[in-house]
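1. I'd like to go over a predicted model; first the sequence, then the structure.
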Amino acid sequence: MKRDYPVNAMTPTVYKDLIRQVVYHKVGHAAAIHLYNRKKRLPVVSFQIVIKQADCSLNQSSGNHAVTRDHFTAIVEGGSLINTQPMTLIGSLLHEKDPFRAAYEADMINLLVGPLAEAKHIALRDDECFNKNLITVNVLNNYGGSSDLEKVYEYLEYFGKDVNQQEEKLAELFNQAFQFVESRGHWQAIERLAAYIFNNMKNIIHFEEAIAVLDGNAIIVDHQKHAGPEKKKHSVQNLILK
């Protein structure tokens, strides 16, 4: 769940759009980890969103004040059921004989939701259509999903070596991930957390903070509205739990 973007001579407007894409991608993962797992009554698994930006500098000699930088990195740390949760716990909660299957399926859906969230954000931003006829599994590579798909195909090995069976399972999980992103409530939660992250641009969004925003159990207070000119320059939005 990592994104690195090597860019040079990027304009501030394009740079801001790029950051929004990455944020929506990461928030997609986070939302699915929290909301999809809860819907399926799977164990709570913690995560945090880590955003790292290289130092940026404006090239004043350029007429368009281009931004030059080395890279932008966004990571969702944690959040994997298969790597962090005892299978006996998952099995007891779900009363299933094969808790590994439930864990693998949830983790794969969470991986797929990330690039799907980025794709939907771009479609809405550009006033374009977003539907399953246009978005396929392979198309997710165009939305930063290469590493996500690599992990998904690795996990598919659990469901057998038969390629046709793997493709059927992938199609099933992709459909569930698409439905998750298309859910009005889930998308509103994604937009809420994306806006919070973009407005604050903190280096780390911790688990409790992220789920409070996703669940709508937080009020974002903008102190800039009540600050003087000098304070506004340096103020940030704070989170208050309801």
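-> Noted; the coordinates are in hand. Numbers count the residues shown, from 1 in each chain.
2. Next, the contact list for the residue nearest to residue 35 when sequence neighbours are not counted, please.
-> With sequence-adjacent residues excluded and distances taken as C-beta to C-beta, 6 or more residues apart in numbering, residue 35 is closest to residue 186, at 5.9 Å. C-beta here means a position set from N, CA and C on the backbone, and glycine is covered the same way. Residue 186 sits next to 31, 35, 180 when contact means C-beta atoms under 8 Å, 6 or more residues apart in numbering.
3. List just the nearest of those residues to residue 139.
-> Ranking these by separation from residue 139, with C-beta to C-beta as the measure, puts residue 180 on top at 17.0 Å.
4. Give the other helices and strands that the helix or strand where that closest one lies contacts.
-> Residue 180 belongs to helix 163-182 when assigned by DSSP states H and E. If you count contacts as 3 or more C-beta pairs under 8 Å, 6 or more residues apart in numbering; DSSP states H and E, helix 163-182 packs onto helix 99-125, helix 146-155, helix 184-200.
5. buried stuff in that helix?
-> Going by neighbour count (16 or more other C-beta atoms under 10 Å), the buried part of helix 163-182 is 166, 169-170, 173-174, 176-178, 180-181.
6. returning to what we had before: quick one, which of the helices and strands packed on helix 163-182 is nearest to residue 206?
-> Residue 206 lies closest to helix 184-200 among these, at 11.9 Å (C-beta to C-beta).
7. how far is that closest one from where the chain is centred?
-> Here helix 184-200 is found 10 Å from its chain centre; the criterion is C-alpha atoms, centre = their mean, to the nearest Å.
8. that older thread, I'd like the helices and strands packed on helix 163-182 as TSV, with distance to residue 53 appended.
-> Output for the helices and strands packed on helix 163-182, formatted as TSV (distance: least, C-beta to C-beta, whole Å):
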stretch	distance to residue 53
helix 99-125	18
helix 146-155	19
helix 184-200	13
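9. Go through the ones you listed and pick out the most buried.
-> With neighbours taken as mean count of other C-beta atoms under 10 Å, these reach their highest mean count in helix 99-125, at a mean of 23.
10. Report the spatially nearest residue to residue 159, omitting neighbours in sequence.
-> In this structure, residue 159 finds its nearest non-sequential neighbour in residue 169, 5.0 Å apart by C-beta to C-beta, 6+ apart.
11. My error: substitute residue 129 in the last question.
-> Residue 129 sits nearest to residue 123 (C-beta to C-beta, 6+ apart), 6.6 Å away.
12. pretty sure the one you found contacts residue 142?
-> No - taking C-beta atoms under 8 Å as the definition, residue 123 is not a contact partner of residue 142, at 11.9 Å.
13. doesn't residue 52 fall inside a strand?
-> Yes - with DSSP: H, G, I helix; E, B strand; the rest coil as the criterion, residue 52 is part of a strand.
14. distance of it from residue 74?
-> Remark: distance between residue 52 and residue 74 (C-beta to C-beta, to the nearest Å) = 8 Å.
15. more neighbours, the two?
-> residue 74 (24 against 12; other C-beta atoms under 10 Å).
16. show me the contacts for the more buried one.
-> 2-3, 22-23, 25-26, 49-52 are the contacts of residue 74 under C-beta under 8 Å, 6+ apart.
17. That one and residue 178, how far apart?
-> As judged by C-beta to C-beta, residue 74 and residue 178 stand 22 Å apart.
18. What number of residues are in the vicinity of residue 15?
-> When neighbours are counted by other C-beta under 10 Å, residue 15 comes out with 18.
19. Show the model's pLDDT score for it.
-> Looking at residue 15, its pLDDT stands at 75.
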